[in-house]
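J.: Please work out how this folds:
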Amino acid sequence: MGAELDHTGKSLFVFDKPELNHGAVAIGMPNFAGSFTLNSTPTYEVRDAKQYTWLVCPHLCDPDSVFKYYLASGLITIVLGKCFCETCLDRIFLRGDLTDLVRASRPMTDRSFQEKVINPLISSNFAFSKIWQYIGKDDESPQTWVSCSHVATEAGLKSVYSNGGQIFIFESYITCQNCFDKIPTSSLVDLLYDGELMTDALFQKKIIDLLYPINYHSLQTVGHFDFMPA
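T.: Numbering: from 1, shown residues only. You can find the predicted model right below:
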């Protein structure tokens, strides 16, 4: 797994090509959605909506693939309604465009994204932790996740995500791009000390549940739903 993917500070993932069926992405427009407001309580009707709010690369679009990929220490990137494996992310930066990848990926609602990606991700992370003996047999609520401080709070998560920042998930860690970029010069130990330990339930409640309305409003801000049928 590499840790130097983008140092420009610009968003590569802003929807601005409505002519494509699933939307597309182009370089530019950093800080496009920093002004929208969000209630503290997640709006679960967003998750139940029939609108497509996620686009998942073909290597992560079913539970078995997610499980195997994550257990092999695969890097998962989530950014502005899109979820990529490391191979697909590298292709994006190599080509500077992801039109072909968008067409090959699978659109998902919040509910299907939870069922096909997040649930197997949590399950595989638990298995990963057991394999490496991060948790014991008697732990009823093991702390299986380490979040960097910038995505551990609602305000921080909103700031990172709504401005086009990438969120990286790997080997029980979930980090913003800035913390991820520091790993080669610092260490995961520093991330552990500065971040927050979470159980699976807290990971779901404090990050994933909040991510759904943040993602929805981010897509709404850039006009995504004007071109995507419900």
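J.: in stretch 62-69, what counts as buried?
T.: Applying a neighbour-count criterion of 16 or more other CB atoms under 10 Å, one finds 63, 65, 66, 67, 69 buried in stretch 62-69. For glycine as for every other residue, the C-beta is placed from the backbone atoms N, C-alpha and C.
J.: I'd like the mean pLDDT over it, please.
T.: In this model, stretch 62-69 has a mean pLDDT of 93.
J.: same check, this time on stretch 103-123
T.: 93.
J.: Just the helices from the protein, written as ranges.
T.: Secondary structure of the chain by DSSP state H: the helices cover 44-48, 63-71, 86-95, 99-104, 110-113, 119-131, 154-162, 177-181, 188-194, 200-203, 209-221.
J.: Confidence-wise, which of the ones you listed is weakest overall?
T.: helix 44-48 (a mean of 64).
J.: on that earlier part again, quick one: which two of the buried residues of stretch 62-69 are the most distant?
T.: 63 and 69 (10.8 Å; CB to CB).
J.: Run a quick neighbour tally on residue 100.
T.: Using other CB atoms under 10 Å, residue 100 has 10 neighbouring residues.
J.: Tabulate the buried residues of stretch 62-69 (JSON lines), appending distance to residue 90.
T.: Formatted as JSON lines, these follow (distance: CB to CB, whole Å):
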{"residue": "63", "distance to residue 90": "24"}
{"residue": "65", "distance to residue 90": "18"}
{"residue": "66", "distance to residue 90": "19"}
{"residue": "67", "distance to residue 90": "22"}
{"residue": "69", "distance to residue 90": "14"}
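J.: what's the closest of the residues you listed to residue 223?
T.: residue 66 (29.7 Å).
J.: do you know how far the closest one is from residue 92?
T.: When distances are taken as CB to CB, to the nearest Å, residue 66 and residue 92 turn out to be 19 Å apart.
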